[in-house]
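**Q** fold the following, please.
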Amino acid sequence: MRLQILGGGNNQLGAIRRAAEQGHEVVLVDYYKNPPGRKYAAFNEVVSTFDVEKNIEIAKKYRVDGVMTMGTDQPVYTVARVAEALQLPAFLDVPTARAVTNKEVMKAIMNDNQIPTVPYRFLTTAAGVAELENIPFPVVIKPLDSQGQRGVFKLNSPAEVINSLPETLSFSRADKVLLESYYPSDEITVSAWVDQGVPEILTITDRESFSFERNIGICYAHEYPSRHHNRSPEIQTLVDKITRAFQIKAGPLYIQLLVGDQGIVVNEVAGRIGGAHEDIFIPYLTGFDILDRVINFSLGIEATPPLPRAARLSEHLSVQLFFAKPGKIASLTSLERLSKLPGVIAAGYNVAVGETLETIANATARAGYLVIAETSARALHQVINQAYKVLKISDEQGQHLVIQPKTYLD
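**A** Take a look at the predicted model:
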């Protein structure tokens, strides 16, 4: 069968490989000429995943049997539009896909359904300092329709907001930005599977991010089990409410929550597999192959895999999303060596020798990943620390560029 996959980056690589291994012909659509997934695809189109009309044309050109994406937000809407135009299987209808990819629509649904979220408003470039004088600071501004923490800034004054508006809008197709009250909190992510409108939580992880002053939310690790796993009943109630409010009938559900002194509030909702290699760690922890289910559903293949079930709390797992300091890469530790480390179940690079690394501004600066699992928190922490001793990205002067944001204690 022929499957159109939107996005050929490292977050979609698993889907492209899996579909090809299953004997499907992948029609890959990506704005870049040579993304990592291109060599595994049968057909390649250099087109933006945001371009709805061109993606519909591509689907008709190749007479695809299905369309999907994973690990990225905005193409979810394009997938729904292509599926509607060609009457292909889709988890989300067009209104729901828009709701989970546009923060203005998303916030309206939360308000209408009493789903807790931080105080917010929308701003255009016409906003002046006087309009912001009575707002408590700090605040966070975000594009309405972007991803990867692009244009997301924590700001401390009206002047900073006004000065930052053009940069945030440069990552958006909208003419306004979202301004939210900054909420000191832990961030957790919920991955769930929805079947006939009923969500089953698969994993709850702690989303660890850098403590940069301005560029916030750039994630460097997902940790399982979450330190807040004891609040699972409360989280389940919230997930049930979100599923009903957004009218999600089937498929993957990915929710970011903030846990602070004022309780649990919803940061964002997405109708996709997450972008932290959930296609690897969810099957490992639960036995439920979420990627296979997405591929099969997208192609209209009736399948009876095991029903989803929650992950085992006895397992301890970390996804290390590692970054590096600026410099030109001269050498990398081999993936073979990294993969042989105790506890490492998957490893990969987003960079290559000869590339020049820039200062970290958003999640696109991610250099690679390690998925590590052990039977205890202590053993897991020991393996993570050891992995960072082995992992080397070196520049032409022999300087080690890898950043270890956190040293794990026994």
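**Q** drop to CA atoms for contacts and neighbour counts, all remaining ones
**A** Will do.
**Q** buried set for stretch 194-212?
**A** 194-195, 198-209 (16 or more other C-alpha atoms under 10 Å).
**Q** what mean pLDDT does the helix or strand containing residue 284 get?
**A** Residue 284 belongs to helix 278-286 when elements are defined using DSSP states H and E. Helix 278-286 carries an average pLDDT of 96.
**Q** got it, and stretch 290-297?
**A** In this model, stretch 290-297 carries a mean pLDDT of 96.
**Q** for that stretch, what is the distance to the chain centroid?
**A** Distance, stretch centre to chain centre, for stretch 290-297: 17 Å (C-alpha atoms, centre = their mean, to the nearest Å).
**Q** repeat that for stretch 109-121.
**A** Relative to its chain's centre, stretch 109-121 lies at 22 Å (C-alpha atoms, centre = their mean).
**Q** hang on, the earlier thing: which one in the buried residues of stretch 194-212 is the model shakiest on?
**A** residue 195 (93).
**Q** correct me, but it touches residue 251?
**A** Yes. The pair residue 195 and residue 251 qualifies as a contact (C-alpha atoms under 8 Å) at a distance of 6.7 Å.
**Q** show me the common contact partners of those two, please.
**A** Residues touching both residue 195 and residue 251 (C-alpha atoms under 8 Å, 6 or more residues apart in numbering): there are none.
**Q** hmm, back to that, what helices or strands is the very next helix or strand once past the helix holding residue 284 leaning on?
**A** Scanning forward in sequence from helix 278-286 by DSSP H and E, the next helix or strand is helix 290-298. In terms of contacts (3 or more C-alpha pairs under 8 Å, 6 or more residues apart in numbering; DSSP states H and E), helix 290-298 is packed against helix 13-21, strand 66-68, strand 251-260, helix 278-286.
**Q** what residue ranges in this protein score low on pLDDT?
**A** Residue ranges of the chain with pLDDT under 70: 304-307, 410.
**Q** could you chop it up by domain?
**A** 2-90, 119-181, 186-298, 316-403 (automatic domain parsing).
**Q** which one of those lies nearest to residue 99?
**A** Between residue 99 and those, the tightest spacing by C-alpha to C-alpha is seen for domain 186-298, at 7.3 Å.
**Q** quote the end-to-end distance of the closest one.
**A** 34 Å (C-alpha to C-alpha, to the nearest Å).
**Q** let's have the domains of the chain in TSV, adding distance to residue 309.
**A** Formatted as TSV, the domains of the chain follow (distance: least, C-alpha to C-alpha, whole Å):
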stretch	distance to residue 309
domain 2-90	21
domain 119-181	28
domain 186-298	6
domain 316-403	17
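**Q** and residue 105, which of those is closest to it?
**A** For the domains of the chain, proximity to residue 105 was assessed by C-alpha to C-alpha; domain 119-181 is nearest, at 9.1 Å.
**Q** chain center to the closest one, what's the gap?
**A** Using C-alpha atoms, centre = their mean, the offset of domain 119-181 from its chain centre is 22 Å.
**Q** returning to what we had before: which ones among the buried residues of stretch 194-212 are found in strands?
**A** 194-195, 198-209 (DSSP state E).
**Q** name the nearest of those relative to residue 135.
**A** The closest of these, once distances to residue 135 are taken by C-alpha to C-alpha, is residue 209, at 25.6 Å.
**Q** got the contact list for the helix or strand hosting residue 107?
**A** Applying DSSP H and E as the criterion places residue 107 in helix 103-112. Helix 103-112 is contacted from outside by 98-100, 116-117, 144-145, 178, 242, 245-246, 268-269, using C-alpha under 8 Å, 6+ apart.
**Q** what residues are up against the residue nearest to the spatial centre of the chain?
**A** Nearest to the geometric centre of the chain sits residue 275, at 3.1 Å (C-alpha atoms, centre = their mean). Shown in contact with residue 275 (C-alpha under 8 Å, 6+ apart): 11, 70, 71, 72.
**Q** shouldn't it be within a strand?
**A** No. Assignment of residue 275 by DSSP: H, G, I helix; E, B strand; the rest coil gives coil, placing it outside any strand.
**Q** need the phi and psi values for it.
**A** phi -100, psi 20 (degrees, to the nearest 10).
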